[in-house]
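1. pasted the sequence and its predicted model underneath.
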Amino acid sequence: MLVAATALIVGVALGVACMYAFRVSERQRAADVDVDEPSMPAGATEVLASLGLGYIVVDTVDGVVRANPAAYAFGLVRGHTVVHREVLALTARVRGDGVIIEEQLELPRGLQGEASIVANLRVAPLGDEYILVLADDRTEVSRTEAVRNDFVANVSHELKTPVGAISLLAETIEDAAEDEDAVRRFSKRLHKESVRLAALVQDIIELSRVQGKNVVHAGRPVDLQAVIDEAVDRSRLTAEERHIQIKVGGNLPRRVHGDQEQLTMAVRNLIDNALRYSPPNTRVGVGLASADGVAEVAITDQGMGIAPENQERIFERFYRVDAARSRQTGGTGLGLSIVKHVIGNHGGEVSLWSQQGKGSTFTVRLPEIDEGLDSLRGLTGVDETLTHRAGQRELTAEEPTIAPKKPPAAPRAGEGGDA
C-alpha cells in the first residue's frame, strides 16, 4: 500500500515536471520565431509624412498596412480596412496595370454615410508588394467652385431679365413714336426696369466688396448708435412713401470694431427689407441692447412672415420667398446675403425669427470692444453669451410689439424716434 502511494506521488510529480518543461520549451520556441512585419521601402515613411496629405498603404489583399490620422479623419479607413469600394477598385486597377491613377471622387463620410467628402485620389505602386493611396480633401474647393458657378449663372439670369425688358421697351417706344400716351407709359416702365438693373448691379458690387475686405485688420472702433441713426435716416423716404413708422428704442453705449459704412449698409438692408414686406400703416421696430459684451440690434416688422421651409434659405444669394412680389417691390435677392457676409466679417451673427401672419424679427449680434484693454477681444466670433432667444419672441395682433419682449425693447407709440 505504501509503495503504491509513493509510486502515485512520484508519477504526479513527474507529470507536473514534464508539463512545466513542455511549456517552457514552447515559450522559448515562440521567442525564437521571427515574425516578419510588413516593411515599407527605405525612406517612404518620412516622405509620406512630409506631404501633408492623407495616405493609405495596402498589401496584396488590400489590407491596410499603414495609414495616417488624416486618412481616418477623411473616413477612408476604419480599423485595418479600406471603407469605400471605389478606392479598392482603383487599387485593383493599379495592381493589375502597374500604372499611376488619379481621380476625384465624392465619397460618403461618417458611420452612416450622412456626410460626404470630395477627395482627389492618387493611387500608385509602392515597391513590389504595396499600393499607395494619397488623398487630398477638395471638399471646400469643390463647394466654392459650385457656389461661384451658381453665382455666375444666377447673375446672368438676373441681369438677362431687366436687360431684355429694357431692350423690348426701347423697341416699343421707337415703334410708337407717334403715340405720346404710349411713349409716356412705356417710358415709365423703361425707367422702372433701369432702376431695377442699377440696383442689381449695385448689390453685386457691394457683395463683391464685402467679401473681399478684411475688416479685422482694416477696421476701427465704430459707434453703432450712429450706424443705426444713419441707416434709419436713409430709409426715411421709403417709410414715408409706404406710410410706415420706424420706431427706435434702447441704446448701445459701447463701440464695436469694424467698418462703419458696411455696418450701415447691413442695417439699412434689414430695415429696407422690413419696409418692403410690411403693409401700409404699420410700424417697423429697431430694438437696441447691450449685455455681456455683446451689442444686439433687432429689426421687427408686422408683415406676412416667412414659412419655416423658407427660413433656412433666406440668406442665400438671389433667393426670394416670393419672386413675383420681389419684382414688384424692387428686391434683388442679394440684400440679406450682403447682411450675412457683413456681420460674419465683423465676427457676429444674424438670426431670424418669423411666424406667418405675425411678422419677422432679424437679430444682429456683434462683439463689443472693451476700450480699456490694449487689445480688441471677440473679433473672431461671437462668444457663448450669444444664446439664441429668438424662438421665445412673440408678436401679438391685439397690441403689436415692435421688438422682442426680451431686450432689446422697442418703444411704444410716442416714444423713441420716428422716421
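-> On my side now, so go ahead. Numbering: from 1, shown residues only.

2. and the helices in the stretch 201-350 of the chain?
-> Secondary structure of the stretch 201-350 of the chain, counting by DSSP state H, counting those that start in this stretch: helices at 215-218, 224-234, 236-241, 260-276, 308-311, 323-329, 335-345.

3. closest to residue 67 out of those helices?
-> Between residue 67 and the helices of the stretch 201-350 of the chain, the tightest spacing by C-beta to C-beta is seen for helix 335-345, at 35.8 Å. Every residue, glycine included, has its C-beta placed from N, CA and C.

4. quick check: buried residues in the closest one?
-> Residues of helix 335-345 classed as buried by neighbour count (16 or more other C-beta atoms under 10 Å): 335, 336, 337, 338, 339, 340, 341, 342, 343, 345.

5. now do it: which elements does it pack against?
-> Using 3 or more C-beta pairs under 8 Å, 6 or more residues apart in numbering; DSSP states H and E as the contact test, the elements touching helix 335-345 are helix 180-212, helix 260-276, strand 349-355, strand 359-367.

6. just the CA trace of it, in PDB.
-> Only the C-alpha atoms of helix 335-345 are listed here, as PDB (Å, rounded to 0.1, in the frame of the first residue of the first chain):
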ATOM      1  CA  GLY A 335     -29.800  92.200 -49.600                       C
ATOM      2  CA  LEU A 336     -29.900  89.500 -46.900                       C
ATOM      3  CA  SER A 337     -26.900  87.700 -48.400                       C
ATOM      4  CA  ILE A 338     -24.900  91.000 -48.000                       C
ATOM      5  CA  VAL A 339     -26.100  91.300 -44.400                       C
ATOM      6  CA  LYS A 340     -24.900  87.800 -43.600                       C
ATOM      7  CA  HIS A 341     -21.400  88.500 -45.100                       C
ATOM      8  CA  VAL A 342     -21.000  91.900 -43.400                       C
ATOM      9  CA  ILE A 343     -22.000  90.600 -40.000                       C
ATOM     10  CA  GLY A 344     -19.900  87.500 -40.400                       C
ATOM     11  CA  ASN A 345     -16.900  89.600 -41.400                       C
END
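
7. now that helix against helix 260-276, angle please.
-> Interaxial angle, helix 335-345 versus helix 260-276 (axes from the mean of the first three to the mean of the last three C-alpha atoms, to 10 degrees): 140 degrees.

8. for the record, mean pLDDT for helix 335-345?
-> Average pLDDT, helix 335-345: 83.

9. residues contacting stretch 102-110, please?
-> 74-76, 84, 86-87, 90, 114-123, 138, 142 (C-beta atoms under 8 Å, 6 or more residues apart in numbering).

10. with stretch 73-83 instead?
-> With C-beta under 8 Å, 6+ apart as the contact definition, stretch 73-83 has outside contacts at 54, 56, 58, 62-64, 67, 71-72, 84, 87-88, 91, 107-110, 117, 119, 133, 135, 137.

11. show me which of the residues you listed are buried.
-> Using 16+ other C-beta under 10 Å, the buried ones in the contacts of stretch 73-83 are 54, 56, 58, 64, 67, 71-72, 84, 87-88, 91, 107, 109, 117, 119, 133, 135, 137.

12. need the least confident one among the helices of the stretch 201-350 of the chain, by mean pLDDT.
-> helix 323-329 (a mean of 49).

13. quick revisit: quick one: which of the buried ones among the contacts of stretch 73-83 sit in helices?
-> 71, 72, 87, 88, 91 (DSSP state H).

14. tell me what residue 289 is bridged to.
-> As for beta bridges, residue 289 partners with residue 296 under DSSP bridges.

15. tell me the pLDDT of it.
-> Here the pLDDT value assigned to residue 289 is 91.

16. now do it against residue 171, distance only.
-> 55 Å (C-beta to C-beta, to the nearest Å).

17. who has more neighbours, the two?
-> Legend: neighbour count by other C-beta atoms under 10 Å for residue 289 and residue 171, higher for residue 289 (21 against 11).

18. so that one makes contact with residue 296?
-> Yes. Counting by C-beta atoms under 8 Å, residue 289 touches residue 296, with 4.7 Å between them.

19. I figured residue 200 hits residue 159, correct?
-> Yes. Taking contacts as C-beta under 8 Å, residue 200 lies within contact range of residue 159: 6.7 Å.

20. among the two, which residue is more densely surrounded?
-> Remark: of residue 200 and residue 159, residue 200 carries more neighbours, 22 against 14, as counted by other C-beta under 10 Å.

21. buried subset of the contacts of stretch 102-110 as a PyMOL selection?
-> Paste this into PyMOL to select the buried members of these, with burial taken from 16+ other C-beta under 10 Å:
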select buried, resi 74+75+76+84+87+90+117+118+119+120+121+122+123+138+142
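
22. circling back: so which of the helices and strands packed on helix 335-345 gets nearest residue 44?
-> Minimum separation from residue 44 across the helices and strands packed on helix 335-345 (C-beta to C-beta) falls at helix 180-212, 42.3 Å.

23. what's the angle between that closest one and helix 335-345?
-> With the same axes, to 10 degrees defining the directions, helix 180-212 sits at 20 degrees from helix 335-345.

24. same for helix 180-212, what does it pack against?
-> Applying 3+ C-beta pairs under 8 Å, 6+ apart, one finds that helix 180-212 makes contact with helix 139-175, helix 260-276, helix 335-345.

25. put together a markdown table for those, with distance to residue 50 on each row.
-> Formatted as a markdown table, the helices and strands packed on helix 180-212 follow (distance: least, C-beta to C-beta, whole Å):
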| stretch | distance to residue 50 |
| --- | --- |
| helix 139-175 | 22 |
| helix 260-276 | 42 |
| helix 335-345 | 35 |
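
26. of these, which approaches residue 355 most closely?
-> Nearest to residue 355 among these is helix 260-276 (14.8 Å), distances taken as C-beta to C-beta.

27. could you give the angle of the closest one to strand 349-355?
-> Using the same axes, to 10 degrees: helix 260-276 against strand 349-355 is 10 degrees.

28. list the buried residues of helix 260-276.
-> So, applying 16+ other C-beta under 10 Å, buried residues of helix 260-276: 260, 262-276.

29. from those, which single one is nearest residue 177?
-> Nearest to residue 177 among these, with distances taken as C-beta to C-beta, is residue 276, at 35.7 Å.

30. quick check: the closest one vs residue 359, distance?
-> Distance from residue 276 to residue 359, by C-beta to C-beta: 13 Å.
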